[in-house]
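Visitor: the following block contains a protein sequence and its predicted model.
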Amino acid sequence: MRVGKGRFAWGTETQFHPPITRNLKNINALIKKQFPFINYCLWDTSIIKPFHQHLSKSDFILVDIEKYAVESVFLFLKEKYKNVFLKPDKEMMDMYVVSNKNSIIVRQLISESPTQKEKEVPTVTIEKLVVDIFSDSEFEYLKGSELLLVIKNIFDSFTVNKSRLLRYASRKGKQDIILSFLEKNNILQPKK
């Protein structure tokens, strides 16, 4: 299996294919029609549930949009949906996002983010998922041993391209801290 640029390990490759919900399809259709030339990534945080030990507070949809269109897409989705938030801080997450069902968070898509298409919907790759849950404030509830368990379970379940993960982490300014975390917890060791 491929684990990085020019790097391979013994074993079978297990690719990550996140489920595409009806809500994601609907949001995708709206964005594609209104903003046909922007890059974006849609994903539902419920895809993390199989890796948890404890139940999460809430599931929400993340709409990662190119920097220049973030506000426009936010205002557009706000007209169509009730619980839409623009880059919420920790306090807003605790007070409004996690307490509402079907919340949608609009935030900036980091350039060169690793994305993939599932059922014509641009969505998250396993590498983007790992870096985002490790570094983004929306996943503050996953800190400590729960975060470690989730990331270990992801690495045990899927083939993670280390080069792609570290490149994306570097784009977010988190490469050193993520690499240190993975090495300290023996997550990057090849499985036997």
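Guide: Structure received.

Visitor: ok, the residue nearest to the spatial centre of the chain - contacts?
Guide: For the chain, the residue sitting closest to the mean C-alpha position, by C-alpha atoms, centre = their mean, is residue 129 at 3.6 Å. With contacts defined as C-beta atoms under 8 Å, 6 or more residues apart in numbering, residue 129 is in contact with 16, 18, 43, 47, 48, 154. In short, each C-beta sits where N, CA and C put it, glycine included.

Visitor: which pair in those residues spans the largest distance?
Guide: For these, the farthest-apart pair by C-beta to C-beta is 43 and 154; their separation is 13.9 Å.

Visitor: the more surrounded of these two?
Guide: Neighbour comparison, residue 43 and residue 154: the larger count goes to residue 43, with 27 against 20 (by other C-beta atoms under 10 Å).

Visitor: look at the more buried one and give its secondary structure.
Guide: In terms of secondary structure, residue 43 is strand; the call rests on DSSP: H, G, I helix; E, B strand; the rest coil.

Visitor: quick one: residue 147 and residue 133, what's the gap?
Guide: In this structure, residue 147 and residue 133 are 7 Å apart, going by C-beta to C-beta, to the nearest Å.

Visitor: joint contacts of the two?
Guide: Residues touching both residue 147 and residue 133 comprise residue 139, with contact defined as C-beta under 8 Å, 6+ apart.

Visitor: hey, where'd the strands end up in the chain?
Guide: Secondary structure of the chain (DSSP state E): strands at 2-4, 7-8, 40-44, 60-65, 84-86, 103-108, 115-118, 121-124.

Visitor: may I see those arranged in CSV, with distance to residue 27 as well?
Guide: Converted to CSV, these look like this (distance: least, C-beta to C-beta, whole Å):
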stretch, distance to residue 27
strand 2-4, 31
strand 7-8, 36
strand 40-44, 6
strand 60-65, 7
strand 84-86, 10
strand 103-108, 7
strand 115-118, 14
strand 121-124, 9
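
Visitor: relative to residue 29, which of those strands is closest?
Guide: With distances scored as C-beta to C-beta, the stretch of the strands of the chain nearest to residue 29 is strand 121-124 (9.2 Å).
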